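A.B. asks: Below is the sequence, then the predicted model.
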Amino acid sequence: MIVKTFGSAIQGVNAITITIEVNVSSQGNRLFIVGLPDNAVKESERRIESTIQSLGLHMPRTRTVVNMAPADIRKVGAAYDLPIAIGIIAASGNMAATSCAQYLMMGELSLDGTVLPVKGALPMAIQALKDGFKGFILPKQNAREAAMVKQLDVYGISHISEVLRFFEQPDSLPPVKTDEDDFYTAQAIFDVDFSDVKGQHQIKRALEIAAAGGHNAILIGPPGAGKTMLAKRLPTILPPLTLQEALETTKIHSVAGKLPEHSSLIAKRPFRSPHHTISDAALVGGGGIPQPGEISLAHNGVLFLDELPEFKRKVLEVMRQPVEERKVTISRARTAIDFPASFMLLASMNPCPCGYFNHPEKDCTCAPGQVQKYLNKVSGPLLDRIDLHVEVTPVLFSDLSVPQATEKSTCIRDRVMAARAIQARRFAGHEGIYCNAQMHSQLLGTVCVVSDSCREQLRHAMQKLKLSARAYDRILKVSRTIADLDGSESVEPPHMAEAIQFRNLDREGWGN
């Protein structure tokens, strides 16, 4: 007797439906699993046999063939245990097989039949809805995540016996429901706030501009000046995630197995801060079975690289293309997978090995040439892709000691959202462009039309600082963002001047 059940395979951040055909015949005495399974799938025979015995049933002692189609896609992991086990039970006549094909099923089985959580529940649920399945049966720990797909009935289970009972009595297992109000409530809750930061008004202004236009930024300053403290507060002033952005972000974290247990959606923009010993594969993604890296986990959020020169140069260089294209392509002999990587890059660094180059009070103890050597650890092409170079100076004692009312993140966030609303209207007819930092050169020529006085300002800066064509584009984009924050229809000389002064690493005096 042949029975069909259905599972799902993850490729990149999307899912592909897998048809699992089980044939229990009257001849032979072995179980064969075919269809390009990996070792974890092949080992499922022992787990399934123990599970079936725990139900008081018997594993078929005749020839059993399990075919997993399409056969050219490698089936990875133990999450296929549940659909294979249900297929074997139905094919051996221990349950009705009529309902099996109407539901997608995924779950790893323990020896006593307990169903363990899986990765990638959200993309699986999305694909199940597209393929017209009546429902999705999966571990209870993943149910809230999958239930965000509203038009699909999702059933969370903790033991395989619940599945058998459900097929006999559909009312025995109610579908899981989620409340979107929890998602919107969580967006406004942060552990940190910009009001915690004393002084550093210029740096707060720079991060406000970066948030308003989606610009990359680097903070350069001595140790203890507050670079990391300011960076960690950047997500508090970014616009809240839309429901579509939250779904995209949650898919990536689900595939990578980084989603918190019993969670439904990621409500806040990601803030990823990898250690400087990270490898290039861990940063951009990869592996034998390609997995998303840190830049994809930061999709729709912030990637913070603290102590930038301490990262291996090879690791930093592999980021150059994803920063521009906002995606990363992982190519293997059999496949090529695209992972989204639309993130804000925020970096921090000391100006020299001792940390006190250009310090207003302390002397730099570095030998001649050491400062330039230290800065050269970060390549020019990568710095060119960073819009805002921000010099962080030490906080004055008066700012630290005197209690002052400082602006809260919510106030800054309101201005950022107002500027983003202007950009949303501006780019309404341009697919994939949502903020000024994402403008391409052709669009830049129509959006950032400047006056003769602004053009002269920019020409003088280009000649004096010897800026590249890419830096020219960056300055125009930043000036447009400053004008948006100011509510101005056109870019005025003060906007251009402020944008130019955020090219600190290009000016004379840095390491020369």
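C.D. replies: Looks like it arrived, so ask away.
A.B. asks: if I look at L297, how far off is M105?
C.D. replies: 28 Å (Cβ to Cβ, to the nearest Å). For glycine as for every other residue, the C-beta is placed from the backbone atoms N, C-alpha and C.
A.B. asks: So which of these two has more stuff around it?
C.D. replies: M105 (29 against 23; other Cβ atoms under 10 Å).
A.B. asks: Pretty sure the more buried one sits against L82.
C.D. replies: Yes. Counting by Cβ atoms under 8 Å, L82 is a contact partner of M105 at 5.0 Å.
A.B. asks: shared neighbours, the two?
C.D. replies: Each of 7, 137, 163 lies in contact with both M105 and L82 under the rule Cβ atoms under 8 Å, 6 or more residues apart in numbering.
A.B. asks: What lies in contact with the helix or strand where the last one lies?
C.D. replies: Element membership for V163, per DSSP states H and E: helix 160-168. Outside helix 160-168, the residues within contact range by Cβ under 8 Å, 6+ apart are 51, 55, 82, 85-86, 89, 95-96, 99-100, 105, 109, 113, 115, 137, 155, 157, 172-173.
A.B. asks: repeat that with 6 Å
C.D. replies: 51, 95, 99, 113, 157, 172-173 (Cβ atoms under 6 Å, 6 or more residues apart in numbering).
A.B. asks: Buried among the shared contacts of M105 and L82? Make that a PyMOL selection.
C.D. replies: Listed next is the PyMOL selection for buried residues among the shared contacts of M105 and L82, using 16 or more other Cβ atoms under 10 Å:
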select buried, resi 7+137+163
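A.B. asks: Closest to E325 out of the shared contacts of M105 and L82?
C.D. replies: For those, the residue nearest E325 by Cβ to Cβ is G7; the value is 32.8 Å.
A.B. asks: so the closest one touches I18, yeah?
C.D. replies: Yes. Contact criterion Cβ atoms under 6 Å: G7 and I18 qualify, at 4.5 Å.
A.B. asks: Any stretches of this structure with poor pLDDT?
C.D. replies: When residues are selected by pLDDT under 70, those of the chain lie in 28, 397-403, 405, 506-512.
A.B. asks: tell me, what residue is most central in it?
C.D. replies: L297 (2.7 Å; Cα atoms, centre = their mean).
A.B. asks: Distance of that one relative to L303?
C.D. replies: 8 Å.
A.B. asks: tell me, what's touching the two both at once?
C.D. replies: By Cβ under 6 Å, 6+ apart, the residues touching both L297 and L303 are R272.
A.B. asks: Where does I52 sit: helix, strand or coil?
C.D. replies: helix (DSSP: H, G, I helix; E, B strand; the rest coil).
A.B. asks: That one contacts H58, doesn't it?
C.D. replies: No. The criterion here is Cβ under 6 Å, and I52 misses it with H58 at 7.1 Å.
A.B. asks: Which one of these two is surrounded by more residues?
C.D. replies: Remark: of I52 and H58, I52 carries more neighbours, 21 against 11, as counted by other Cβ under 10 Å.
A.B. asks: mind listing what that one touches?
C.D. replies: Here I52 is in contact with M59 (Cβ under 6 Å, 6+ apart).
A.B. asks: which residue ranges form the helices in the stretch 201-350 of the chain?
C.D. replies: 201-213, 227-232, 243-255, 280-284, 294-297, 313-317, 320-325 (DSSP state H, counting those that start in this stretch).
A.B. asks: Which positions within the last one qualify as buried?
C.D. replies: So the one you mean is helix 320-325. For helix 320-325, using 16+ other Cβ under 10 Å, the buried residues are 322-323.
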